[in-house]
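Undergrad: sequence and predicted structure below; questions after.
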Amino acid sequence: MRELWRWGNLLVAFLAELVALGIFAWWGWQTADDLAGRLILAIGLPVLAGVLWGLFAAPTATRTTPVVRGVVKTAVFGLAGLALWDVGHPVLGLVFVAVVSANLLAIRVGKLTP
């Protein structure tokens with residue numbers, strides 16, 4: 001049962017990361033006025049977030065400390081929640097942040113990562 005709990009929480013964490021990238025793309029598309037700006041933001045923001053995540057927050061990140069990892073995770077997920085709020089879905093933004101927070105807490109308290 002513990003393995004099922006572990007893999008389930010890690011799956012939710014991975015899906016939350018993908019959803020955050022999608023939110024950034026959506027926000028970028030909604031925010032800019034012209035096509036060039038939309039493309040730059042809708043592609044650039046998820047790429048930037050993904051690169052920062054890979055360098056500092058991913059489980060295999062080598063250029064990080066626990067503090068930096070926490071700051072990057074908080075920034076990515078918090079900004080994704082704010083982006084949802086900004087595109088007119090404040091309840092979804094709050095739910096997203098709450099689910100991510102509960103998931104990260106379960107992973108941390110349960111010591112589910114290797």
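TA: Now that the structure is in, tell me what you want to look at. Because the structure is predicted, anything quoted here is derived from the model rather than measured.
Undergrad: alpha carbons only for contacts and neighbour counts from here, please
TA: Will do.
Undergrad: send the alpha carbons of stretch 52-59 over as CSV?
TA: This file holds the C-alpha atoms of stretch 52-59, laid out as CSV (Å, rounded to 0.1, in the frame of the first residue of the first chain):
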residue,chain,number,x,y,z
LEU,A,52,14.5,26.7,-14.2
TRP,A,53,12.7,23.6,-12.9
GLY,A,54,15.2,21.2,-14.6
LEU,A,55,18.2,23.1,-13.2
PHE,A,56,17.0,23.8,-9.7
ALA,A,57,13.8,21.9,-8.7
ALA,A,58,13.9,18.5,-10.4
PRO,A,59,14.7,15.5,-8.3
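Undergrad: tell me the mean pLDDT over it?
TA: Mean pLDDT, stretch 52-59: 93.
Undergrad: quick one: buried residues of it?
TA: Residues 52-53, 55-58 are the ones in stretch 52-59 that count as buried (16 or more other CA atoms under 10 Å).
Undergrad: just give me the closest of those to residue 42.
TA: Set against residue 42, the nearest of the buried residues of stretch 52-59 by CA to CA is residue 52 (16.3 Å).
Undergrad: the closest one contacts residue 72, doesn't it?
TA: Yes: contact criterion CA atoms under 8 Å: residue 52 and residue 72 qualify, at 7.4 Å.
Undergrad: so where's the protein uncertain?
TA: Along the chain, segments meeting pLDDT under 70 span 112-114.
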